[in-house]
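Enquirer: Return atomic coordinates for the entry below.
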Amino acid sequence: MDFNQYQSLANRTLYGSEQVLTNCALGLASETGEVLEVIQKYTFENHQLDRDELVKEMGDVLWYLSQIAEWADISFEEVAATNIEMLKNRYPDSYKISSNG
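Expert: Predicted coordinates for the structure are as follows:
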């Protein structure tokens with residue numbers, strides 16, 4: 001599955017009205033906190049890294065991010081391409097381009 005397909009499929013589960021953007025932004029912040037909590041437990045509380053929980057929480061972050069992009073009519077492909085170009089410009093000597101792209 002590519003990211004644009006994910007974005008479209010994830011949008012099927014979105015509900016709400018004029019408050020969608022605010023709800024998604026708040027949800028993104030909240031779920032990012034959940035990701036940080038998993039990392040905090042691993043880093044500072046001597047827990048094993050709970051990979052399954054990390055994947056779940058990262059998926060929640062991805063969902064909210066995808067819906068913010070969907071609301072703003074921005075494809076994940078555009079976000080990814082723009083970010084890679086920024087990284088190439090920011091780190092021209094250390095950015096390694098693999099044979100895959």
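
Enquirer: List the buried residues for the longest helix belonging to the chain?
Expert: Longest helix in the chain by number of residues (criterion: DSSP state H): helix 20-44. Residues of helix 20-44 classed as buried: Asn23, Cys24, Gly27, Leu28, Glu31, Thr32, Val35, Val38 (neighbour count, 16 or more other CB atoms under 10 Å). Every residue, glycine included, has its C-beta placed from N, CA and C.

Enquirer: After that helix, which helix or strand is next?
Expert: Using DSSP states H and E, the helix or strand that follows helix 20-44 towards the C-terminus is helix 51-71.

Enquirer: got a list of contacts for that following helix?
Expert: Outside helix 51-71, the residues within contact range by CB atoms under 8 Å, 6 or more residues apart in numbering are 3, 6-8, 10-11, 13-14, 20-21, 24-25, 27-28, 31-32, 34-35, 37-39, 75-76, 79.

Enquirer: I'd like the distance from it to the chain centre, please.
Expert: Using CA atoms, centre = their mean, to the nearest Å, the mean C-alpha position of helix 51-71 is found 5 Å from that of the whole chain.

Enquirer: List the buried residues for the helix or strand following it?
Expert: Moving toward the C-terminus from helix 51-71, the next helix or strand (DSSP H and E) is helix 76-90. Across helix 76-90, burial judged by 16+ other CB under 10 Å covers Phe76.

Enquirer: Packing partners of helix 76-90?
Expert: helix 3-11, helix 51-71 (3 or more CB pairs under 8 Å, 6 or more residues apart in numbering; DSSP states H and E).
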